[in-house]
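> One predicted model, sequence on top.
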Amino acid sequence: MRRWNYRLRYGLLTLSSGAVLTLSGCGLTDQQLAGIWQSVIIAGLNTLVGTALQGAVGAA
């Protein structure tokens, strides 16, 4: 279990670091980058909540 957890954390850290390095050189303003990150986070949370609700409704 610990190995899986560490692999997940390492993968997320690598992915986010790579995204920051990639987007930092693209010429976007801070406001535009914040908007992109906000959209990504909202989409991810909506997916998680939707999946959780579908699982709860399906289990009931």
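All right, it came through fine.

> just for the protein, where's the confidence low?
For the chain, applying pLDDT under 70 flags the ranges 1, 25, 60.

> mind checking the SS state of Cys26?
With DSSP: H, G, I helix; E, B strand; the rest coil as the basis, Cys26 sits in coil.

> need the contact list for it.
Residues in contact with Cys26 (Cβ atoms under 8 Å, 6 or more residues apart in numbering): none are found. To be clear about C-beta, it is placed using only N, CA and C from the backbone, and glycine gets the same treatment.

> give me that answer again for 10 Å
Gln32, Leu33, Ile36 (Cβ atoms under 10 Å, 6 or more residues apart in numbering).

> For the last one, the count of nearby residues, please.
Here the number of neighbours of Ile36 (other Cβ atoms under 10 Å) works out to 14.

> Was I right to think it contacts Leu23?
Yes - the criterion here is Cβ atoms under 10 Å, and Ile36 meets it with Leu23 at 7.2 Å.

> all helices for the chain, in order.
2-24, 30-59 (DSSP state H).

> From the chain's centroid, how far away is the first one?
On the basis of Cα atoms, centre = their mean, to the nearest Å, helix 2-24 is displaced by 10 Å from the centre of the chain it belongs to.

> which other helices and strands contact that helix?
When contacts are defined as 3 or more Cβ pairs under 10 Å, 6 or more residues apart in numbering; DSSP states H and E, helix 2-24 packs onto helix 30-59.

> list the buried ones in the helix it packs on?
For helix 30-59, the neighbour count (16 or more other Cβ atoms under 10 Å) marks no residue as buried.

> so it versus helix 2-24, what angle?
Between the axes of helix 30-59 and helix 2-24, defined by axes from the mean of the first three to the mean of the last three Cα atoms, to 10 degrees, the angle is 150 degrees.

> tell me which strands and helices helix 30-59 is in contact with?
Helices and strands touching helix 30-59, by 3+ Cβ pairs under 10 Å, 6+ apart, are helix 2-24.

> Please put the alpha-carbon coordinates of the helix it packs on into CSV.
Provided in CSV are the C-alpha atoms of helix 2-24 (Å, rounded to 0.1, in the frame of the first residue of the first chain):
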residue,chain,number,x,y,z
ARG,A,2,2.8,2.4,0.8
ARG,A,3,4.5,1.9,-2.5
TRP,A,4,1.3,2.6,-4.4
ASN,A,5,0.8,5.8,-2.3
TYR,A,6,4.3,7.0,-2.9
ARG,A,7,4.1,6.3,-6.7
LEU,A,8,0.9,8.3,-6.9
ARG,A,9,2.4,11.2,-5.0
TYR,A,10,5.5,11.1,-7.1
GLY,A,11,3.5,11.0,-10.3
LEU,A,12,1.3,13.9,-9.3
LEU,A,13,4.4,15.9,-8.3
THR,A,14,6.1,15.2,-11.5
LEU,A,15,3.0,16.0,-13.6
SER,A,16,2.4,19.3,-11.8
SER,A,17,6.0,20.3,-12.0
GLY,A,18,6.2,19.5,-15.7
ALA,A,19,3.0,21.5,-16.3
VAL,A,20,4.4,24.5,-14.4
LEU,A,21,7.7,24.4,-16.3
THR,A,22,5.9,24.0,-19.6
LEU,A,23,3.4,26.8,-19.0
SER,A,24,5.9,29.2,-17.5
